[in-house]
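Q: pasting the sequence and the predicted model now:
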Amino acid sequence: MTQDNKNLYLAIALSILVIIGWNYFYGAPQLQQARQTQAEMQQPNKPPQPGTPAATQGQIPGSAAPQPANEAPAPLESRTAALAATPRVRLDTASLSGSINLKGARIDDVWLKAYHETTNPHSPNIELLAPTGASNAYYAEAGFVPKPGETLPLPGPDTLWQSDGGTLTAATPITLTYNDGHGLIFHRKISVDNRYMFTISDEVENKTGAAVTLYPYALVSRHGTPPTSGYSVLHEGMIGVIGDSGVQEPTYASIEKEPKATKQLNGTGGWLGFTDKYWAAVVIPDQHKSFDGTFSARGTATKIYQADFLAAPLNIAPGKTGAVTSRVFAGAKQTGVLDQYEADLGIKKFDLLIDWGWFYFITKPMFRLLDIIYKFTGNFGVAILLVTVLIKGAFFPLANRSYLSMAKMKAVQPQIAALKERYPDDKVKQQQEQMELFKREKINPIAGCLPMLIQVPVFFSLYKVLFITIEMRHAPFFGWIKDLSAPDPTNVFNLFGLLPYDPTALPIVGHFLAIGIWPLIMGFSMFIQMKMNPEPPDPVQKQMFTWMPVIFTFMLGTFPSGLVIYWTWNNILSVSQQALIMHRAGVKIELWDNLTNLFRKKATT
């Protein structure tokens, strides 16, 4: 074994050890800590106060004070018990079910009718919002805070509102009323459309005999650190657009590193809240008025995360009525629905609730193209295959030039070998003569890399589309692929299901054992693609190209199956395209010779 080969194998071994070590000493403990935190009792919130420095913001109005750090948390309740503890108004639309809490007028019980936990249509629906007292409290709230220095009996989280009765549907809004007994009467109309948008219209009658100034607010609160997928390609956590500041994406960890665990921005128009991979809950103020938006976190073992806005003051003269309207989005991040809300309601950059990423200008059009083709084929997997063909066709002229350049490079290999023999100890002279050779033969040495370089952003954009868009969730292909957004469910290490155990459940190494049928096909197609070209003369490069299909097979084993299918199909098209171009150029295809040499060397060894 040469020293170069030893170094290569040593580098591969060290890389594997680093990955395994990180997973064992950091990844697994972090996951366990997140699960423990989620299981703890959550604490109530406090409101932001007008005129308070930003560092002290982030608590919501009218809520009880947080428990001291040394006070034992109250026992957790089941979701059913927490719901039964307060009077409620039923919620029932085409997309949502649940209830509105009359205590505090919170939107804290929301289920998504169209989405299930698994591909089984009889599995439970997705639970989005949950009441306080449950292990995963997550809710939206709106209200008012008084002017600094004033004390008013305003409605808070313990306030019991009176309902006009009935069920909240897309056709029948509900009206809640609260009389503070001191001259302020609050009327709240809650309506909802057939999708996921709640509209909260508040009216305040001032019968006190004096002018009153109130500051409207709305918030989304999340108790406990929720589990996330942990992929850097996807943002999960706090999110918002506040004025012209651009999209803000604090993670649950990063917000705690801000001064006093609070980040505040001011602007006109926008929204803020929380986003998961496919779902979101955000509050939306009046798009024509300035507001303060705040992201915050507090607590020790159990964290309470909050996104809230404090709007411009509402001045109500004696005998007059003041009104303010805000909105709450709680539902699935469907691309068309978000675009429609942005257009119809004028919500600034609402489409950025989906993490389209830096390649927004490629990723979103890629989804549009997939969606259009899907409407004709009825299968997102088929749409992926057709989009790949269209992309290959669009870049065919460039690929043609690239493969011709590779063919020319192959033709001058004897001359390059002669230069190395002529100047064995003068690397600089070798390079100079090679460049002169390339210039005479009109060869661009880097042209062969262009198809791969162009493929990277396209690959990444499709990866984003498959990973982030809910339209891909539970979208079937053919055969055993029931969900293009999930990894291939088969596994070679249990003989594709013949052995009754899950190799991925093994400690430390289980993550690397998710190799299904499609990843194997992808690895083989990549191996064939590598063997289409002349083997590099450098032994280290040769070993790297040999091991690359194996490495990619393990890397893509846990990727969405739709992406693996795309990569496989792309490799097949690339091999076919390269063979056609090289045949037309009269250049020998190296595939059979490379395969023959590979097995001949093994036999000799």
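A: Okay, I see it.
Q: how close does the most centrally placed residue in the chain get to E342?
A: By Cα atoms, centre = their mean, the mean C-alpha position of the chain lies nearest to L234, the distance being 3.4 Å. Computed as Cβ to Cβ, to the nearest Å, the L234 to E342 distance reads 21 Å. Heads up, the C-betas are built off the backbone N, CA and C, glycines and all.
Q: and the helices in the stretch 51-200 of the chain?
A: Remark: helices assigned in the stretch 51-200 of the chain by DSSP state H, counting those that start in this stretch are 79-84.
Q: quick one: the strands in it?
A: 88-92, 96-101, 106-116, 125-129, 138-146, 162-163, 174-179, 184-192, 197-206 (DSSP state E, counting those that start in this stretch).
Q: nearest to L595, out of these?
A: strand 106-116 (46.6 Å; Cβ to Cβ).
Q: and that closest one, average pLDDT?
A: Strand 106-116 carries an average pLDDT of 95.
Q: which residues touch the residue nearest to the centre of the chain?
A: Shown in contact with L234 (Cβ atoms under 8 Å, 6 or more residues apart in numbering): K277, D355, F467, I468.
Q: quick one, grab the pLDDT at it.
A: pLDDT at L234 comes out at 87.
Q: please apply the same query to G21.
A: So G21 comes in at 55 (pLDDT).
Q: excluding its backbone neighbours, what's nearest N179?
A: Leaving aside its sequence neighbours, N179 sits nearest to I185 (Cβ to Cβ, 6 or more residues apart in numbering; 5.0 Å).
Q: okay, now the one you found: neighbour count?
A: Using other Cβ atoms under 10 Å, I185 has 15 other residues around it.
Q: which strand residues bridge it?
A: Here I185 sits in beta bridges with N179, E205, going by DSSP bridges.
Q: my guess is it meets T177, correct?
A: Yes: I185 sits in contact with T177 when judged by Cβ atoms under 8 Å, with a separation of 7.2 Å.
Q: now render the strands of the stretch 51-200 of the chain as a markdown table, adding distance to I372.
A: Converted to a markdown table, these look like this (distance: least, Cβ to Cβ, whole Å):
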| stretch | distance to I372 |
| --- | --- |
| strand 88-92 | 33 |
| strand 96-101 | 28 |
| strand 106-116 | 22 |
| strand 125-129 | 27 |
| strand 138-146 | 34 |
| strand 162-163 | 45 |
| strand 174-179 | 39 |
| strand 184-192 | 30 |
| strand 197-206 | 26 |
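Q: tell me which of these lies nearest to L462.
A: Short answer: strand 106-116, nearest of the strands of the stretch 51-200 of the chain by Cβ to Cβ, at 22.9 Å.
Q: am I right that the residue nearest to the centre of the chain is in a strand?
A: No: counting by DSSP: H, G, I helix; E, B strand; the rest coil, L234 is not found in a strand; it is coil.
Q: quick one: it from Y360, how far?
A: 14 Å.
Q: picking that back up, using pLDDT, spot the least trustworthy of the contacts of L234.
A: Minimum pLDDT across the contacts of L234 falls on F467, with 82.
Q: neighbour-wise, which one of the contacts of L234 leads?
A: I468 (25 neighbours).
Q: contact partners for that one?
A: L234, K277, I354, D355, W356.
Q: farthest pair in the residues you listed?
A: Longest span within these, Cβ to Cβ: K277 and W356, 13.7 Å.
Q: can I see the domain layout of the chain?
A: Annotated domains of the chain cover 22-228+295-329, 364-604 [automatic domain parsing].
Q: reformat the ones you listed as a markdown table; add distance to T251.
A: Shown next, in a markdown table, are the domains of the chain (distance: least, Cβ to Cβ, whole Å):
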| stretch | distance to T251 |
| --- | --- |
| domain 22-228+295-329 | 8 |
| domain 364-604 | 16 |
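Q: of the ones you listed, which is nearest F350?
A: Using Cβ to Cβ, the domains of the chain put domain 22-228+295-329 closest to F350, at 8.2 Å.
Q: how far does that closest one sit from its chain's centre?
A: 24 Å (Cα atoms, centre = their mean, to the nearest Å).
Q: ditto for stretch 233-251
A: Stretch 233-251 has its C-alpha centroid displaced from the chain centroid by 12 Å (Cα atoms, centre = their mean).
Q: end to end on it, go ahead and measure it.
A: 13 Å (Cα to Cα, to the nearest Å).
Q: for H223, see how far away the closest residue to S78 other than its chain neighbours is.
A: Sequence neighbours aside, A134 is the residue nearest to S78 in space, at 7.1 Å (criterion: Cβ to Cβ, 6+ apart). For A134, the distance to H223 equals 9 Å [Cβ to Cβ].
Q: with neighbour numbers in mind, choose between the two.
A: Taking other Cβ under 10 Å, A134 and H223 do not tie; H223 has more neighbours (27 against 23).
Q: who's in contact with that one?
A: By Cβ under 8 Å, 6+ apart, H223 lies in contact with Q42, Q43, T132, N136, A137, Y138, T302, K303, I304, Y305.
Q: just give the number of residues close to the residue lying closest to the fourth one once chain neighbours are set aside.
A: The reference is to N136. Distances taken as Cβ to Cβ, 6+ apart place A130 nearest to N136, at 5.0 Å, with adjacent residues excluded. Counted with other Cβ under 10 Å, residues neighbouring A130 total 22.
Q: I figured A130 hits R79, correct?
A: Yes: with contact defined as Cβ under 8 Å, A130 counts as touching R79 (6.0 Å).
Q: buried residues in the stretch of helix or strand M544 belongs to?
A: According to DSSP states H and E, M544 maps onto helix 539-555. Buried residues in helix 539-555, counted by 16 or more other Cβ atoms under 10 Å: Q543, F545, P549, F552, T553, F554.
Q: swap in stretch 291-310?
A: Judged by neighbour count (16+ other Cβ under 10 Å), stretch 291-310 contains these buried residues: 291-299, 302-310.
Q: over to stretch 94-112?
A: 95-96, 98-112.
Q: convert stretch 517-525 to PDB, retaining C-alpha atoms only.
A: Output of stretch 517-525 as PDB, limited to C-alpha atoms (Å, rounded to 0.1, in the frame of the first residue of the first chain):
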ATOM      1  CA  ILE A 517     -33.300   0.100  -2.400                       C
ATOM      2  CA  TRP A 518     -33.300   3.500  -4.100                       C
ATOM      3  CA  PRO A 519     -30.000   4.700  -2.400                       C
ATOM      4  CA  LEU A 520     -28.400   1.500  -3.700                       C
ATOM      5  CA  ILE A 521     -29.700   2.100  -7.200                       C
ATOM      6  CA  MET A 522     -28.500   5.700  -6.900                       C
ATOM      7  CA  GLY A 523     -25.000   4.500  -5.800                       C
ATOM      8  CA  PHE A 524     -24.800   2.100  -8.700                       C
ATOM      9  CA  SER A 525     -25.800   4.700 -11.200                       C
END
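Q: which residues touch P476?
A: Per Cβ under 8 Å, 6+ apart, neighbours of P476: T119, N379, G381, K482, D483, L484.
Q: so it lies in a helix, does it not?
A: No: assigned with three-state DSSP, P476 falls outside any helix and is coil.
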